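Chemist: sharing a model that was predicted from the sequence below.
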Amino acid sequence: DYSHRRGNRWKKNIITYSVGRYTSDLPVNTVDDLFALALDAWAKASPLTFQRSYSHQADIMVEFVGNEHGDSFPFDGPDGTLAHAFGPGEGIGGDVHFDEAEAWTAGFKGFNLYVVAAHEFGHALGLKHSQNPDSVMYPTYKNRKTQNLLSSEDIMNINTLYGPRDKR
Ligand SMILES: CC(C)C[C@H](CS(C)(=N)=N)C(=O)N[C@H]1Cc2cn(c3ccccc23)CCCCCCNC1=O
Ligand SMILES: [Ca+2]
Ligand SMILES: [Zn+2]
Ligand SMILES: [Zn+2]
């Protein structure tokens, strides 16, 4: 099998996530909806399903934090780095941190949380950057059309890691 060719990945198809601290830029239920939509984009392209958990044992812990926040990657205030995520694994593995200093939006002003979340969840699933500007895994932020956000390359890469979507 090609497991040696796959990078680091979750060894299960049901992945839990929980949300910690929120941003004051958007209502809580808007943030919840945008995270669910970003995860659903990856679920539609893979055999993965995502379940919201309310315990700290979730695989993917998502939260808005600022500057120094307890890992070795302090944020940098407005602009610059917008967010970061840890690849699949125990503990901090899979966790996603958004820089609370950014102006997070659900639209075209500031930084669109859905677009950034899709990128970060890609990292949390084991994806690296793409040099193709059409890919959601491109290293710098672009305002992207939110319809069909994942490029064919993104879909191919998630399928390399987790196989094709089951015919449901
Ligand atoms: C792709 C994102 C969703 C996630 C990545 C971070 S990560 C770890 N998840 N790959 C990100 O934040 N990239 C920076 C990269 C970047 C662009 N510049 C920078 C200036 C300083 C520092 C970083 C940057 C130039 C100025 C623009 C600054 C605002 C936009 N920032 C970015 O696009
Ligand atoms: Ca920042
Ligand atoms: Zn962090
Ligand atoms: Zn990235």
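Modeler: Everything's here; your move. Ligands and ions are numbered 1, 2, ... in the order given.

Chemist: return the residues of the protein in contact with ligand 1.
Modeler: Within the chain, the residues that sit near ligand 1 (CB under 6 Å from any ligand atom) are 79-85, 116, 119-120, 123, 139-141. (C-beta placed from N, C-alpha, C; glycine too.)

Chemist: remind me what the helix or strand hosting Ala118 packs against, helices and strands.
Modeler: For Ala118, the host element (DSSP states H and E) is helix 113-124. Applying 3 or more CB pairs under 8 Å, 6 or more residues apart in numbering; DSSP states H and E, we find helix 113-124 packed against helix 28-44, strand 83-85, strand 96-99.

Chemist: can we see that at 6 Å?
Modeler: Counting contacts by 3 or more CB pairs under 6 Å, 6 or more residues apart in numbering; DSSP states H and E, helix 113-124 packs against helix 28-44, strand 83-85.

Chemist: returning to what we had before: can you tell me which of the residues of the chain next to ligand 1 is closest to Leu34?
Modeler: Comparing the residues of the chain next to ligand 1 against Leu34 with CB to CB picks out Val116 as the nearest, at 9.3 Å.

Chemist: quick one: that closest one and Ala83 touch, right?
Modeler: Yes. Between Val116 and Ala83 there is a contact under CB atoms under 6 Å: 5.5 Å.

Chemist: pLDDT of the helix holding Ala118, averaged?
Modeler: In this model, helix 113-124 carries a mean pLDDT of 98.

Chemist: name the residues of the next helix or strand after it that come out as buried.
Modeler: Per DSSP H and E, the first helix or strand lying C-terminal to helix 113-124 is helix 152-162. Under the neighbour-count criterion of 16 or more other CB atoms under 10 Å, helix 152-162 has 153-155, 157-158, 161-162 buried.

Chemist: kindly report the same for stretch 71-84.
Modeler: Buried residues in stretch 71-84, defined by neighbour count with 16+ other CB under 10 Å: 75, 82-83.

Chemist: using TSV, lay out the residues you listed together with pLDDT.
Modeler: Below are the buried residues of stretch 71-84 laid out as TSV (pLDDT from 0 to 100):
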residue	pLDDT
Phe75	98
Leu82	98
Ala83	98
